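> Please find the sequence and the predicted model below.
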Amino acid sequence: MTKQLELEFGGEEDPPGGAPVPGATAGDAPGPAEEAPAPFQRMPIPPDGRDPLQSLVDRNFLQYASYVICDRAIPNLEDGLKPVQRRILHSLFEMDDGRFMKVANVVGHCMRYHPHGDASITDALVALVNRGYLIEGQGNFGNIFTGDRAAAARYIECRLTELARKEVFNKALTRFVPSYDSRNQEPVALPAKLPLLLMLGTEGIAVGLSTRILPHNFRELLEAQVAVLNKQPFSLLPDFQQGGIMDVTEYDKGNGRVRLRACIRKKEADKLCITELPYGATTESLTASIEDAIRKKKVPVRSIDDFTAERVNIELTLTQDTKPDKAIQALYAFTACESAVSCQTFVIQRGRPVLLDVERILEENTRQLVAILKQELLLRKRNLLEEIHARTLVEIFVENRIYKAIEACRTYPAVQKAVRDGLEPFLDRLQREVTQKDIEMLLGIPIRRISRFDLDRSRQATAQLGKELEEVEKHLADLQAYAVAYLKGLLRTHGPSHPRRTEVTTFESIEIRKLTAQELEIRYDREKGYLGHAVKEGECVLRCSSYDKILLVWDTGVYKVIQPPERLFVDANVVYCAGMDRDRVVTMVYTEEGMPYLKRFRFGGAILNKEYRCTGGGDARILLFTDETPEEIYVKYKPAKRQRIHQQVFATADLPVKGVKARGSFLAPKAVDKVAVKKPRWWNPAESGPRGVLFDR
């Protein structure tokens, strides 16, 4: 390996028998059984100054990336298949005798072309069988609804469908290359006349890019191809075997995303039934997501019964007094009953990965269809001409008894010359010149065929071939009409068996916060100091959604924004707990250094779980905190020596709204005992005094 690297980077190979180390004596020369070590040579630095090993890694990585993109993960636009799919279909075509074959035998045959093991071949074959277009299976190939896996390859059988036999293969139009071990020949691309890429759909992750092309409806694809040939507008929308409901507002011709929903029906007053699944979901994954939502109390479902067999049938029993419409909305909002699938259409076109849209892909498929139909017509024309030529030769050979001229010939060259001379007067009846191969064909006719030759019947057959040739030439003259007729024939034959399964509609957006506004009941146990929706005792301070944020304010002026807790210790001095609204205006009376202040303010933005202060110093104390807008504030002062005014009313309607960090307006140079926003019981109406005046310090 070391020598190989040295040669890779420009080092010189040692001559046979080794080379003496510079400066070594004759006694140091290697003996017959040993070899002198090669002298150390520094790897030459390339002209770009990069490290040689880095250059080697970069080159090999690019080769690997190119291989994964072009030969494994990304489908070819020409036939719409990945290499493993193409090799599976080619193997089935080689083995096809009309009967079912063991999947294990097909996989073993396919391994002659595919170097990545039997597991990848088996999985790809099972997926093709479940798509239902090209391969039909016999046995347990799994269940696309429940997610059950297929049986082992030795227990299941498969064969090509009639559609695949007629529309995908044509050996005369297929270009072959050596397989990975050069022992066999495999097709570069199959001459498929169907838009397989959009029919089957595909997913692949390569180095630096990925592709996801959603499956489309067979009948709609052929109708769209007819529209392309007739230069008419068309549109294509995905269609899934699982059915379901689909919103394609953001599909963007295959390079956006689709939103999918399960089909949920009302069965009884307290029961719902899921009959179709969204793409990518199974009954197992769907019920698991519903069970998780039940544990989190997000959906009002009491029990789940899965009766799925050949069709999806999941029954949901709702909790008491639950409205079915609200339950359906909750299922779409909080479970896998609704999902979004992103897609992008990377394909290999002329050996390079390109990003197209589904309409461009179908247009390319339609052009390829016309080209293949033309090649088939030209091939048929050539074969018809050859058959007419051969039949005419036989007619001339038998009708004019040219075979009699060879009786006197003694050598084989003389026999050939006699036949050629006998055909000379009739060359104007032939399609082309007579070749040596034609003469060999005539000489190979058995005597019993000559004796039983029916000239009238032969001429009728030749005339029939002539009519067929005229029809082929007519189709060649108008390929567009021929292609349209071909597609309409496919629609008549196979269209009725492929109806659209997925319903296309537009979803109404679900307001999750509105749906879950009363989801959680937050309780505050002031005695123990715990707050949360799992607290069983204490007062209910608010009902909220799990998506809301809660504002907590302590009497020290500290506040914090948190998510709705399950059970959180907050101590016993919380004065305010409500949903966070940065624009809500609150009114607060607090003391700082013993002096009372009043302010109205907005909290604004806040980082989750970070502590802030809405008062000044650390010795502050909140006396009143409300999110209402009181017209007046009633203040009672603590008794003091020679104090004349014991209570006052302050007007707050015109108080300006400040920031959360601003200092409030000064009330009075007295200690405050009590504060209220409405006239309280402790208010003494007999005591009259001046109204309070607010001023800033």
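Here it is on my side, so go on.
> Which helix in this protein has the most residues?
Selection of the longest helix in the chain by residue count, based on DSSP state H, yields helix 358-399.
> The next helix or strand after it: how far from the chain's middle?
The element immediately downstream of helix 358-399 (helix or strand, assigned by DSSP states H and E) is helix 412-423. Centroid separation between helix 412-423 and its chain, computed with C-alpha atoms, centre = their mean, to the nearest Å, is 69 Å.
> which intervals of the stretch 451-600 of the chain have sub-threshold pLDDT?
Along the stretch 451-600 of the chain, the parts satisfying pLDDT under 70 run over 509-518.
> repeat that for 80
451-456, 508-519, 546 (pLDDT under 80).
> so where do the helices sit in it?
Listed in chain order, the helices of the stretch 451-600 of the chain (DSSP state H, counting those that start in this stretch) span residues 455-477, 479-494, 512-515.
> what's the closest of those to Ala606?
Proximity to Ala606, assessed across the helices of the stretch 451-600 of the chain by C-beta to C-beta, is greatest for helix 512-515 (18.7 Å). C-betas here are computed from N, CA, C, even on glycine.
> Of all the helices of the stretch 451-600 of the chain, which one comes closest to Lys670?
Taking C-beta to C-beta as the criterion, Lys670 comes closest to helix 512-515 out of the helices of the stretch 451-600 of the chain, the separation being 45.5 Å.
> domains of the protein?
81-191, 257-342, 359-497, 522-676 (automatic domain parsing).
> What helices and strands are in contact with the longest helix of the chain?
The helices and strands touching helix 358-399, judged by 3 or more C-beta pairs under 8 Å, 6 or more residues apart in numbering; DSSP states H and E, are helix 196-200, helix 218-229, strand 345-349, helix 412-423, helix 436-443, helix 455-477, helix 479-494.
> 7 Å instead, please
Using 3 or more C-beta pairs under 7 Å, 6 or more residues apart in numbering; DSSP states H and E as the contact definition, the elements that helix 358-399 packs against are helix 196-200, helix 218-229, strand 345-349, helix 436-443, helix 455-477, helix 479-494.
> What average pLDDT does the first one get?
Think helix 196-200. Averaging pLDDT along helix 196-200 gives 94.
> buried residues in that helix?
Leu196, Leu197, Leu198, Met199, Leu200 (16 or more other C-beta atoms under 10 Å).
> got it, and the fourth one?
Burial within helix 436-443, assessed by neighbour count using 16+ other C-beta under 10 Å, is assigned to Asp438, Ile439, Leu442.
> Likewise for the longest one?
Residues of helix 455-477 classed as buried: Ser458, Thr462, Leu465, Leu469, Val472, His475 (neighbour count, 16+ other C-beta under 10 Å).
> ok, what's across the strand from the closest residue to Leu209 other than its chain neighbours?
Nearest in space to Leu209, with sequence neighbours left out and distances taken as C-beta to C-beta, 6 or more residues apart in numbering, is Phe346 at 5.6 Å. On DSSP bridges, the residues paired with Phe346 through beta bridges are Leu355.
> give me the low-pLDDT residue ranges for the stretch 201-350 of the chain?
Within the stretch 201-350 of the chain, the ranges that satisfy pLDDT under 80 run 206-208.
> what's the burial count for Cys110?
For Cys110, the neighbour count with other C-beta atoms under 10 Å is 25.
> Which residue, neighbours along the chain excluded, lies closest to it?
Of all residues not flanking Cys110 in the chain, Ser91 sits nearest, at 4.2 Å (C-beta to C-beta, 6+ apart).
> repeat for Gly538
Asp525 (3.4 Å).
> For that neighbour, the count of nearby residues, please.
Asp525 has 18 neighbouring residues, counting by other C-beta under 10 Å.
> Report the contact partners of it.
Asp525 makes contact with Val535, Glu537, Gly538, according to C-beta atoms under 7 Å, 6 or more residues apart in numbering.
> Then Leu568?
Contact analysis of Leu568 by C-beta under 7 Å, 6+ apart lists Tyr530, Leu531, Gly532.
> Quick check: the residue nearest the centre of the chain vs Pro75, distance?
For the chain, the residue sitting closest to the mean C-alpha position, by C-alpha atoms, centre = their mean, is Arg212 at 4.3 Å. Note on Arg212: its distance to Pro75, by C-beta to C-beta, to the nearest Å, is 11 Å.
> What of Ala151?
Distance of Ala151 to Pro75, given as C-beta to C-beta: 27 Å.
> So between these two, which is more surrounded?
A direct count of neighbours by other C-beta under 10 Å for Ala151 and Pro75 places Pro75 higher, at 25 against 14.
> Surely the more buried one is in contact with Lys82?
Yes - with contact defined as C-beta atoms under 7 Å, Pro75 and Lys82 form a contacting pair (5.1 Å).
> got any residues that touch both of the two?
With C-beta under 7 Å, 6+ apart applied, the overlap between the contact sets of Pro75 and Lys82 consists of Thr202.
> Most neighbours out of the contacts of Asp525, which is it?
Counting neighbours by other C-beta under 10 Å, Val535 comes out on top of the contacts of Asp525 with 20 neighbours.
> pretty sure that residue contacts Glu521?
No - no contact is recorded between Val535 and Glu521 when judged using C-beta under 7 Å, the distance being 9.2 Å.
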